[in-house]
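Asks: Model the following, please.
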Amino acid sequence: MTSRTTAASRTAPTPAPAPSAMLIAVLALLSAVTPFSIDMYLSAFPDMATEFNTSASTIQLTLTSFLIGLALGQLLIGPLSDQFGRRRPLLIGTFACLIASVLCIVAPSIQVLIGLRFVQGFAGAAGVVIARAIIADRAQGAAAARLFAAMMVIGVLAPITAPVLGGFIVAGWGWRTVFAVLAAMNLLMLVGAAFFAAESLPVERRRPGGLASLAGGMRAVLSNRRYLGYTLALGFASTAMFAYIAASPFVLQNILGFSPREYSLVFGACALAVATAGMLSARLVRSVHPRTLLIGGVSAMVVVTALQLINVTVAGVPLWSTIALMAAFMGTVGFTFSNATTLALEQVRAAAGTGSAVLGFLQYTLGAAATPLVGLAGDASAVPMGIVMLTAAALAATAIIALTRNRKTSSPTPQLVTTS
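Replies: Below you'll find the predicted structure:
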């Protein structure tokens, strides 16, 4: 009996310890830098076009290149973290993102800035994809859902504060100072990762290297029906959110007549709904299965987006109902994102880095595809926003129904993985 127990203890992998509060804060910062990198400099586009003597569409390529780099970086760095562990790719990627941010400050031309933004997004993807993988390494089920919800609540401060902070910085010191602030954040990320992000993937759980192994990992992840269902649900929910983000400046300013400062305040107030819903989800997940919360969140998203489409077509975009439905939509995001992420990565725990990579890639590519659609009717119509948001929400619900319902779900009360 004793010999069997001893042998088992030698061969069984030791679970990673539960994440500390400081590690959760570091992981939230790693994820929050992305919205800061997107939202902080948007108000500077006209000034940048003047300085570089170029068109608005060319300036917008700095955002496009960042999103492309972010999506592709996750697709590559996630599988690498399954092979080499989480810590090394995280530190290398964060350091490269810091260098790219510093070089953006002194970019001599728009072409150079576009290239550097791609590098910044590609390297910054390490923080986004590995932060999710670390949570998947150290927790599962309801515990993981609570941690993802906590990260989301912390990270939601980014889209609330980024537009306001960016506008203040651009007005006072110019657009290049925005990248100086981003470089300072990257440095803080690097220090936090170096001191608090210990390796969470033991050697015995790592996947072998090489293209064949990478392809095998991708096949294993993409052939998991339930993983695809939850990942597509998250991706289509992201599509709805990006449609809202891209359209909201025109709806609130061009149609409803808000000033840029008023828009920033309303946008931030709506984003608070994500934090509130995220905190509520983190509490409910102790007694309610994440799948139940996800279904509730996506169902509410379908209802809210349907009401918003009616609001912008039949009702004529009235002020208070438009803002209230925007806030309600962001509340559904709070129930959807953390629980969909938890359930997706639960299906592929043996390849959490690869699973996180595919999840992030789809999230940003589907979201980026929605942004040009909301402007098809011009900058004085909210109808495309309503159509895209409702369509995306309906597709998220379809993914859950079609791909996740016919198999047995996990235990409703899984516990945090801890050492004994």
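Asks: Name the helix or strand of this protein that has the lowest mean pLDDT.
Replies: The weakest-scoring helix or strand in the chain, judged by mean pLDDT, DSSP states H and E, is helix 2-11 (a mean of 44).
Asks: helices and strands around the next helix or strand after that one, which ones?
Replies: Scanning forward in sequence from helix 2-11 by DSSP states H and E, the next helix or strand is helix 21-39. If you count contacts as 3 or more CB pairs under 8 Å, 6 or more residues apart in numbering; DSSP states H and E, helix 21-39 packs onto helix 56-84, helix 87-105, helix 110-138, helix 141-155, helix 157-173, helix 175-196. To be clear about C-beta, it is placed using only N, CA and C from the backbone, and glycine gets the same treatment.
Asks: Can you mark which positions in helix 21-39 are buried?
Replies: 23-39 (16 or more other CB atoms under 10 Å).
Asks: domains in the protein, as residue ranges please.
Replies: Using automatic domain parsing, the domain ranges for the chain come out as 18-202, 220-404.
Asks: just checking, what packs against the host helix or strand of residue 270?
Replies: Secondary-structure assignment from DSSP H and E places residue 270 in helix 260-284. In terms of contacts (3+ CB pairs under 8 Å, 6+ apart), helix 260-284 is packed against helix 141-155, helix 157-173, helix 225-249, helix 290-313, helix 319-346.
Asks: 10 Å instead, please
Replies: helix 21-39, helix 141-155, helix 157-173, helix 225-249, helix 290-313, helix 319-346 (3 or more CB pairs under 10 Å, 6 or more residues apart in numbering; DSSP states H and E).
Asks: The next helix or strand after the last one: how far from the chain's middle?
Replies: So the one you mean is helix 319-346. Sequence order places helix 352-370 as the next helix or strand after helix 319-346, per DSSP H and E. Put simply, helix 352-370 sits 9 Å off its chain's centre (CA atoms, centre = their mean, to the nearest Å).
Asks: Likewise for stretch 234-251?
Replies: Going by CA atoms, centre = their mean, where stretch 234-251 is centred and where its chain is centred differ by 13 Å.
Asks: give me the low-pLDDT residue ranges for the stretch 201-350 of the chain?
Replies: 207-214, 216, 260 (pLDDT under 70).
Asks: ok, now which ones touch residue 300?
Replies: Residues in contact with residue 300 (CB atoms under 10 Å, 6 or more residues apart in numbering) are 277, 328-329, 331-332, 335-336, 393.
Asks: please redo it, this time with the cut-off set to 8 Å
Replies: When contacts are counted by CB atoms under 8 Å, 6 or more residues apart in numbering, residue 300 touches 328, 331-332, 335.
Asks: most neighbours, which of the residues you listed?
Replies: Neighbour tally across those (other CB atoms under 10 Å): the maximum, 28 neighbours, falls on residue 335.
Asks: circling back: adding mean neighbour count, write the helices and strands packed on helix 21-39 out as JSON lines.
Replies: What follows is the helices and strands packed on helix 21-39, written out as JSON lines (neighbours: other CB atoms under 10 Å):
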{"stretch": "helix 56-84", "mean neighbour count": "21"}
{"stretch": "helix 87-105", "mean neighbour count": "21"}
{"stretch": "helix 110-138", "mean neighbour count": "25"}
{"stretch": "helix 141-155", "mean neighbour count": "24"}
{"stretch": "helix 157-173", "mean neighbour count": "18"}
{"stretch": "helix 175-196", "mean neighbour count": "19"}
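Asks: wait, which of the helices and strands packed on helix 260-284 is closest to residue 118?
Replies: Evaluated over the helices and strands packed on helix 260-284, closeness to residue 118 peaks at helix 21-39, with 12.0 Å, by CB to CB.
Asks: Restrict the closest one to CA atoms and write it as PDB.
Replies: Output of helix 21-39 as PDB, limited to C-alpha atoms (Å, rounded to 0.1, in the frame of the first residue of the first chain):
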ATOM      1  CA  ALA A  21      -3.900  38.400  -5.500                       C
ATOM      2  CA  MET A  22      -0.700  40.000  -6.800                       C
ATOM      3  CA  LEU A  23      -0.500  37.500  -9.700                       C
ATOM      4  CA  ILE A  24      -4.100  38.200 -10.600                       C
ATOM      5  CA  ALA A  25      -3.300  41.900 -10.600                       C
ATOM      6  CA  VAL A  26      -0.300  41.300 -12.900                       C
ATOM      7  CA  LEU A  27      -2.300  39.100 -15.300                       C
ATOM      8  CA  ALA A  28      -5.100  41.700 -15.400                       C
ATOM      9  CA  LEU A  29      -2.500  44.400 -16.300                       C
ATOM     10  CA  LEU A  30      -1.100  42.200 -19.000                       C
ATOM     11  CA  SER A  31      -4.600  41.900 -20.500                       C
ATOM     12  CA  ALA A  32      -5.600  45.600 -19.900                       C
ATOM     13  CA  VAL A  33      -2.600  47.000 -21.900                       C
ATOM     14  CA  THR A  34      -4.400  45.900 -25.100                       C
ATOM     15  CA  PRO A  35      -7.400  48.200 -24.700                       C
ATOM     16  CA  PHE A  36      -5.100  51.000 -23.600                       C
ATOM     17  CA  SER A  37      -3.000  50.500 -26.800                       C
ATOM     18  CA  ILE A  38      -6.200  50.700 -28.800                       C
ATOM     19  CA  ASP A  39      -8.200  53.500 -27.100                       C
END
